[in-house]
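Engineer: Sequence and computational prediction follow.
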Amino acid sequence: MHVVVIGGGVVGLTTAYHLAREGAQVTLVDARGTGLGTSEINAGWVCPAESAPVPGPGVVLKSMKWMLRPDSPLYIKPSLEPAFLKFMTGMWRHSNAKAQRAGFEGHLTLARETLEVFDEYRSDGMDFEMHTSGLLMAFREEENLEHHLDNLDLARAFDRDPRVLRGEEVREQEPLLSDAVIGGIYYPHERHLDPGALTRALAERIVEMGVEIVENAPVDEVETSGDRITAVRAGERRLTGDAVVLAAGAWTGQVSKLFGLLLPVRPGKGYSIEVPTFGLRSAVNLSDAKVAVTPFEHRLRLAGTMEFGGLDENVNQVRVDAILRAPRAYFRDWEPPTEPLAARTGMRPMTPDGLPIIGRLGPMSNAYVSTGHGMMGVTLAPGTASALTELILHGRMPSALDPFAAERFTGQRRAARSAA
């Protein structure tokens, strides 16, 4: 079987790898170079335990308060565009405990084998920096800490083994934390990796496996015949295949129109800045400030903010400065670097309910989709790729994909699951 994968981010690359590993011929096409944008500049966390969907209890009220601050963790550019209003209404409608808990369980199920799969990647010759030192959530606000205790039973059920730390216990785990930090939650099994090194390793490996990568070629037409896609056009290239996977990240909403649908995937811009190393024992989530701190071998990465304002990759220095200031409230002796830093932005693919869209796409019998992973692309990519490969090559719909079907947005009736 020949599969055309549209999109060269971490989701598209892992999909291409898993398909090729199972014997498929694969062509991967990207509008620019592979592995760029969010796939390169994200925090690099492999964190099933932190995969609760963005919409949740209190999000509406908190977002309204944050809208009054230009340096807040969340910014929503006002718009009267009907599709934007529908998206935001859907997000707020899903901002409740029941929906968030169900989504969290879905993510945990999809990521059940994630750590083992990353080990398989390394065993298959992919060279990328990865650390197994766990993840610490640090809290300055008691109310925020208490809020995060609600779903720890799910984390325990999926063997994430969370450890709640109070007072000095949190500084025993991370001595660089200041006295302002009142507690934390430590997840010993979570990991972090260099996402740019990961995507480069994936791209190199799939080329070795015979995958053709077509770069700088935006898809501008989808050809159909009956209920099948016969080809996709990307510039001067006409790419034919037995199946097509739409994995275009934050650009999926635009590209989905070529398939006769409009998927509600909108960009949520995030930033990352790299500074000198700081001696942290593990990755740290500055939970109240919504800033991710990732220690690599020779640098420290700070990542954060969520901007809903369209496909705008420009840097807002006000928001960058807020990210650089945030660690001062959590770490002893932290001072933002004085030398100019080049911040980078990436567009996370967001959906109204905070869950990815994975599986069959619309009425076309050979069209599939894998997008909307939000801030969990690295964590969910291996499980997504494995399950989607099972569906495409063997016609079996893994139960792990049930919460993520495109039909919840397209209105199409879901096809019956084939027998395993």
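Structural biologist: Nice, I can see it.
Engineer: tell me the phi and psi of Pro53?
Structural biologist: phi -60, psi 150 (degrees, to the nearest 10).
Engineer: Could you list the low-pLDDT ranges of the chain?
Structural biologist: Scanning the chain for pLDDT under 70 picks out 64, 67-68, 340, 412-420.
Engineer: could you measure the residue lying closest to Ala102 once chain neighbours are set aside against Leu61, distance?
Structural biologist: Setting aside the residues directly before and after it, Ala102 is nearest to Pro403 in space (Cβ to Cβ, 6 or more residues apart in numbering), at 7.1 Å. The way it works is simple: take the backbone N, C-alpha and C, and place the C-beta from them, glycine included. Distance check for Pro403 against Leu61: by Cβ to Cβ, to the nearest Å, it reads 26 Å.
Engineer: The two - which one has more neighbours?
Structural biologist: More neighbours surround Pro403 than the other of Pro403 and Leu61, with 18 against 10 (other Cβ atoms under 10 Å).
Engineer: which residues touch the more buried one?
Structural biologist: Shown in contact with Pro403 (Cβ atoms under 8 Å, 6 or more residues apart in numbering): Ala102, Gly103, Gly106, Leu355.
Engineer: SS state for it?
Structural biologist: helix (DSSP: H, G, I helix; E, B strand; the rest coil).
Engineer: Then Val244 would be within a strand, right?
Structural biologist: Yes - under three-state DSSP, Val244 falls within a strand.
Engineer: Just to check, it is in contact with Gly7?
Structural biologist: No - at 11.0 Å, Val244 and Gly7 do not qualify as touching, with contact defined as Cβ atoms under 8 Å.
Engineer: Overlap of the contact sets of these two?
Structural biologist: Common neighbours of Val244 and Gly7 (Cβ under 8 Å, 6+ apart) do not exist.
Engineer: Contacts for the host helix or strand of Met137 next, please.
Structural biologist: Element membership for Met137 (DSSP states H and E) is strand 135-139. The contact list for strand 135-139, computed with Cβ under 8 Å, 6+ apart, reads 45, 47, 49-50, 145, 148, 170, 173-174, 177, 181-187, 190, 192, 281-288, 330.
Engineer: now, which of the residues you listed lie within strands?
Structural biologist: Judged by DSSP state E, the contacts of strand 135-139 include Trp45, Gly183, Gly184, Ile185, Tyr186, Tyr187, His192, Ala283, Val284, Asn285, Leu286 as members of strands.
Engineer: So what sits opposite the fourth one in the bridge?
Structural biologist: By that I understand Ile185. Listed beta-bridge partners, Ile185: Met137, Val164 (assigned using DSSP bridges).
Engineer: what sits against it?
Structural biologist: Residues near Ile185 by Cβ under 8 Å, 6+ apart: Leu136, Met137, Phe139, Leu145, His148, Leu149, Leu152, Pro162, Arg163, Val164, Leu165.
Engineer: Trp334: which of the ones in strands among the contacts of strand 135-139 is nearest?
Structural biologist: Leu286 (10.6 Å; Cβ to Cβ).
Engineer: wouldn't that closest one be in contact with Leu302 here?
Structural biologist: No - using Cβ under 8 Å as the test, Leu286 is too far from Leu302 to be in contact (9.0 Å).
Engineer: Now for the two: what residues contact both?
Structural biologist: With Cβ under 8 Å, 6+ apart, Leu286 and Leu302 have common neighbours Ala292, Val293, Ala326, Pro327.
Engineer: Let me have those in a markdown table, extended by distance to Thr224.
Structural biologist: Formatted as a markdown table, the shared contacts of Leu286 and Leu302 follow (distance: Cβ to Cβ, whole Å):
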| residue | distance to Thr224 |
| --- | --- |
| Ala292 | 42 |
| Val293 | 47 |
| Ala326 | 49 |
| Pro327 | 52 |
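Engineer: and these, which of them are in strands?
Structural biologist: If you go by DSSP E, the shared contacts of Leu286 and Leu302 have Ala292, Val293 in strands.
Engineer: which among the shared contacts of Leu286 and Leu302 end up buried?
Structural biologist: Ala292, Val293, Ala326, Pro327 (16 or more other Cβ atoms under 10 Å).
Engineer: Arg348 versus the last one, what's the distance?
Structural biologist: From Pro327 over to Arg348 the distance is 22 Å, taken as Cβ to Cβ.
Engineer: try the third one
Structural biologist: Using Cβ to Cβ, one gets 19 Å for the distance from Ala326 to Arg348.
Engineer: buried ones in the strand holding Met137?
Structural biologist: Leu135, Leu136, Met137, Ala138, Phe139.
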